[in-house]
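Engineer: Need a 3D model of the sequence below.
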Amino acid sequence: MTEQTDRGVDEERTGGVAGVLDAIEQAVLEARAMPMSSSVLVNRAEILELVEQVRAALPAQLQRADAVLADADAARAAAHAEAESLVTRARARAAELVEQEAVVAQAQARAAQIVADAQETADGLRRDADDYCDRRLADFEIDLGKVLSQVQGGRAKLAGRLQPGEGG
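Structural biologist: A predicted model of the protein is given here:
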């Protein structure tokens, strides 16, 4: 039989511990009083039968109570183990997220440094290119100045020859 069925049979047969104690109390209350005494006469066989029923019912009820406590302890232990597992997983995930965030922050810092270095290099190259162009243009200006002087000198000679009346 199952525990539930056993309990039903015990309670039906004995009325449970509370029922048996109620029966003992009722037997004492209904017992015939002794004259000039607070003592009563009770049926020994009836009371002993009721005491035997209490003794029979107590182990079953104690076993059920122990089973309930064991179940509660097992449920508490399982809940505690699950809680520990959740906390462990949460800590691991938090550490993973922190590590990922640190890696992302490092990558962003490195990317910013690379961009800054590239900008600095580009600015330097631009300055160097502008300086080179300025020097080349200055050289060209000097060369053009010389050519302009030669052109002006040539034109002046030509203008002197083209003037009428001068030694021709």
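
Engineer: longest helix of this structure?
Structural biologist: Ranked by number of residues, the top helix in the chain under DSSP state H is helix 44-162.

Engineer: residues touching residue 51, list them.
Structural biologist: By C-beta atoms under 8 Å, 6 or more residues apart in numbering, residue 51 lies in contact with residue 24. For glycine as for every other residue, the C-beta is placed from the backbone atoms N, C-alpha and C.

Engineer: Tell me how far it lies from residue 57.
Structural biologist: Taking C-beta to C-beta, to the nearest Å as the criterion, residue 51 is separated from residue 57 by 11 Å.

Engineer: Can you pull out the low-pLDDT segments for the protein?
Structural biologist: Residues of the chain that meet the criterion pLDDT under 70 lie in 1-15, 165-168.

Engineer: if you set the cut-off to 50 instead, what comes out?
Structural biologist: Low-confidence segments of the chain (pLDDT under 50): 1-14, 168.

Engineer: From residue 66, how far off is residue 36?
Structural biologist: In terms of C-beta to C-beta, residue 36 sits 48 Å off from residue 66.

Engineer: These two - which one has more neighbours?
Structural biologist: Using other C-beta atoms under 10 Å, the more surrounded residue of residue 36 and residue 66 is residue 66, with 10 against 6.

Engineer: Residue 148 - how many residues pack around it?
Structural biologist: 11.

Engineer: Over to residue 71?
Structural biologist: Residues near residue 71, counting by other C-beta under 10 Å, number 10.

Engineer: One more: residue 53?
Structural biologist: Residue 53 is flanked by 21 other residues according to other C-beta under 10 Å.

Engineer: ditto for residue 107
Structural biologist: Each residue near residue 107 was counted by other C-beta under 10 Å, and the total is 10.

Engineer: ok, so what distance separates it from residue 117?
Structural biologist: 15 Å.

Engineer: repeat for residue 69
Structural biologist: Computed with C-beta to C-beta, the distance linking residue 69 and residue 117 is 71 Å.
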